[in-house]
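Asker: Below are the sequence and a predicted model for it; my questions follow.
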Amino acid sequence: MPVELMNTVRADRDGVHDTIADPAAAARWLREAPPNAADAARAGAGSGIPGVGVGIAGWEAVAELRDLRDALRVLAAAATGDDREPAGPSAGDLATAVTVVNRACARAPSWSELHWPDPDDKDGGPERAVRTAHAPALAAVAAIAEEAVALFAGPDRALLRACHAPGCVLYFIRNHPRREWCSDGCGNRARVARHYQRHHGGSKEDG
């Protein structure tokens, strides 16, 4: 999930784009998030569990998501030795980025609650619900920050890679020994660029 958040900065021929630039975009991104963050985003104060709608991510949550995203990109660059030009706004130095992640972890603590079905309910089983006393979107930010700590402090840090295909600004987890790129599209662009360089003695610009 932290890698997915890092990759909300994307680049194409038209430049660099932020895919969580406003509340509607941030809400859509949270709705489509993997289970941990989505569960946190659905967690309401007390016993209610409101769905994740556009209103769940106000401008405060957008700012928190983007601050965390920019900090994670600083940490990812340090972890991978990424020498690409920074994409998007800078989150400052390494110490500042660590502070942002730790602040996000503490921003909206959440907890689990066990729901046990009625004995007469033959179809249902025990279920876990996530609760928080804070705004749901901020709870999702905290959940992503927790995953980021686990990523950078755990063994998966060694699998984190910067994609060096032409024009790419993304990161990925190298889940196969032969994987070099974040996507097949980037792999194809890199091969085309290498072919061009071999046959023309120069580098091909590919935004």
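Answerer: The structure has been received and is ready for your questions. Note that this is a predicted model, so its numbers are computed, not measured.
Asker: In the protein, what helix or strand scores lowest on average pLDDT?
Answerer: Evaluated with mean pLDDT, DSSP states H and E, the helix-and-strand set of the chain has its lowest mean pLDDT in helix 35-42, which scores a mean of 56.
Asker: which other helices and strands contact whichever helix or strand comes after it?
Answerer: Under the assignment DSSP states H and E, the closest C-terminal helix or strand after helix 35-42 is helix 59-80. On a contact count with 3 or more CB pairs under 8 Å, 6 or more residues apart in numbering; DSSP states H and E, helix 59-80 meets helix 2-6, helix 23-31, helix 94-107, helix 136-153, strand 160-162, strand 171-173. All C-beta spots, glycine's among them, are computed from the backbone N, C-alpha and C.
Asker: what residues are up against residue 187?
Answerer: Taking CB atoms under 8 Å, 6 or more residues apart in numbering, we find residue 187 in contact with 165, 180-181.
Asker: What subset of those residues is buried?
Answerer: Neighbour-count burial (16 or more other CB atoms under 10 Å) is assigned, among these, to 165, 181.
Asker: can I get the helices and strands packed on helix 59-80 in CSV with mean neighbour count and distance to residue 16?
Answerer: Rendered in CSV, the data for those read as follows (neighbours: other CB atoms under 10 Å; distance: least, CB to CB, whole Å):
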stretch, mean neighbour count, distance to residue 16
helix 2-6, 22, 13
helix 23-31, 19, 15
helix 94-107, 16, 19
helix 136-153, 23, 21
strand 160-162, 20, 15
strand 171-173, 19, 15
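Asker: Brilliant, that's me finished.
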